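Undergrad: need the 3D shape of this:
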Amino acid sequence: MMELYQHDHAEWDGTDLNEHGLYGYTYFDHYWTEEGRHPFIVRVDGKLAGFVLVRTPPQAGENHVAELFIVRKFRRKGIGRIVTHRIFDMFPGKWEVDQVAGNMPARAFWERIISEYTNGDYAQTEYMYKGESRPKQVFMSRCTDN
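TA: Alright, predicted model coming up:
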């Protein structure tokens, strides 16, 4: 599924296939070996429907959705909303969610989801990443305990 996600994402981040016809994901294995990285598989009626990679680095003080992917068959059915709200509740505290600047569908999705989750109580900021200005939403989880 990571390759499908990266194929979709290449439209905005300009990533090229490597010599083996793959995009590759540098930190993928780290999600099973490093503290503060959490992989989740999304299933709908027992069928694979996507994944979420969450980072909660203890030294950083905030949580991050590193990647979220829902396969096309399951998009626009509320699956992303359900998944993200559950993830936010699982990891109480400060959240930062960013998008590639040109990925307007992702930006619209995250702004809608976070606004709904927080009842509009979030900050919209910009930050620099590899020389590119990226939008970022910052908010607090509404869940205060696990």
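Undergrad: give the other helices and strands that the helix or strand residue 3 falls within contacts.
TA: Using DSSP states H and E, residue 3 sits within helix 2-13. Contact partners of helix 2-13 among helices and strands, from 3 or more CB pairs under 8 Å, 6 or more residues apart in numbering; DSSP states H and E: strand 63-70. Placement of C-beta: from N, CA and C, glycine included.
Undergrad: next secondary structure after the strand it packs on?
TA: Next along from strand 63-70, by DSSP H and E: helix 79-90.
Undergrad: quick check: next helix or strand after that following helix?
TA: Heading C-terminal from helix 79-90 (DSSP H and E), you reach strand 94-98.
Undergrad: going by neighbour count, list what's buried in the helix or strand following that following strand.
TA: Following strand 94-98 in sequence order, the next helix or strand is helix 104-118 (DSSP H and E). Counting neighbours by 16 or more other CB atoms under 10 Å, one finds that the buried residues in helix 104-118 are 106-107, 109-111, 113-114, 117-118.
Undergrad: with stretch 69-85 instead?
TA: 69-71, 74, 79-80, 83-85.
Undergrad: in CSV, list these along with distance to residue 52 and pLDDT.
TA: What follows is those, written out as CSV (distance: CB to CB, whole Å; pLDDT from 0 to 100):
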residue, distance to residue 52, pLDDT
69, 8, 95
70, 9, 96
71, 13, 96
74, 13, 96
79, 11, 97
80, 9, 95
83, 6, 97
84, 8, 97
85, 12, 96
